[in-house]
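Trainee: 3D, please:
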Amino acid sequence: MQPPDSDGLSATWDEDFREWELQDTPSDSVLRRFKSAAEQAASKRDKGRSWPGFLSLLKDQEHTFHEAEGGSGDGCIPRVCEAAADYCESQLHYDIDPSVAQRLEEFRHSRIMRAFSPTPETKTTTEEPPPSEPPRAEAIASQIDRLREECHWTMETLAAKTGLSVRSVQRHLSGDAKPYERNIPAYERAFSKQLKRDVVIRQMS
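Mentor: As a prediction, the model looks like this:
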C-alpha cells in the first residue's frame with residue numbers, strides 16, 4: 001500500500017502478517033538512528049526493546065494511524081518521525097527518558113527531515129575540495145546543520161565536540177537563537193577537525 005505522504009519516513013502495517021515496514025528513506029544511517037531511538041522508547045513503555053513495538057504504540061494514538069479502505073486492517077503512519085516526537089513529548093511526564101524523546105524530536109525538525117529525501121547524484125572528481133565556505137545567502141543555522149549532517153553527528157555529539165550545551169546547539173540549529181561570535185570558532189574548529197578541511201561559517205550581517 002502506498003502511504004498518503006511519501007515525502008518523509010512512513011511506516012506501513014500489514015494486518016495479515018501482523019508486521020511493520022519502514023518506507024521512503026534512502027539513508028541506512030538515518031534508519032538505524034530512528035530504530036535505535038524507537039527501541040529505547042519502546043523499552044520504557046513495556047513493549048520490549050522493539051521498534052515495531054513502539055510503532056504499535058503510535059498506531060493506537062488518535063489521528064496517527066491511517067487505515068486503508070476496505071476494512072482489511074492494513075494502514076500506515078505517514079511522517080512517522082513527527083508522530084513519534086509528538087507521542088514522546090506527550091509522555092514526558094510519565095516514564096519516557098527525555099534524552100530518548102529528544103533524539104526522536106531531532107527527526108521532526110524540518111532540516112533533519114531532509115535526510116529522508118534523495119539527493120541528486122554528484123560527479124566524482126580527483127581535485128582537492130575547496131574550503132567549505134557556504135554561499136553568502138545561507139543562514140548560520142542552515143550552515144551549522146548542513147555541516148553537522150555531513151559529519152553524521154547528532155545534536156548531542158555536536159554539543160560535546162564544541163563544548164556547548166545541547167539546548168544551545170538545538171536553538172542554534174532551529175534558528176531560534178543566533179550563536180554568539182565566540183561560539184562560531186568552536187563550531188568551525190569541530191567541523192574542520194572532523195572533515196579534515198578548513199571550514200568557514202559566514203556570519204550574515
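
Trainee: the domain parsing of the protein - what is it?
Mentor: 10-116, 140-195 (automatic domain parsing).

Trainee: mind putting the ones you listed into TSV with distance to residue 202, mean pLDDT and mean neighbour count?
Mentor: Placement of C-beta: from N, CA and C, glycine included. Formatted as TSV, the domains of the chain follow (distance: least, C-beta to C-beta, whole Å; pLDDT from 0 to 100; neighbours: other C-beta atoms under 10 Å):
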stretch	distance to residue 202	mean pLDDT	mean neighbour count
domain 10-116	17	72	17
domain 140-195	7	92	17
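
Trainee: now the helices for this structure?
Mentor: For the chain, the helices defined by DSSP state H cover 28-44, 51-59, 80-90, 98-108, 140-151, 155-162, 166-174, 183-195.

Trainee: next, the angle helix 166-174 makes with the shortest one.
Mentor: So the one you mean is helix 155-162. Per axes from the mean of the first three to the mean of the last three C-alpha atoms, to 10 degrees, the angle that helix 155-162 makes with helix 166-174 is 110 degrees.

Trainee: hey, C-alpha coordinates of helix 155-162 in CSV?
Mentor: Output of helix 155-162 as CSV, limited to C-alpha atoms (Å, rounded to 0.1, in the frame of the first residue of the first chain):
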residue,chain,number,x,y,z
MET,A,155,22.9,17.3,18.3
GLU,A,156,24.4,15.7,21.5
THR,A,157,27.6,14.9,19.7
LEU,A,158,27.9,18.4,18.2
ALA,A,159,27.4,19.8,21.7
ALA,A,160,30.1,17.6,23.1
LYS,A,161,32.5,18.5,20.3
THR,A,162,32.0,22.3,20.7
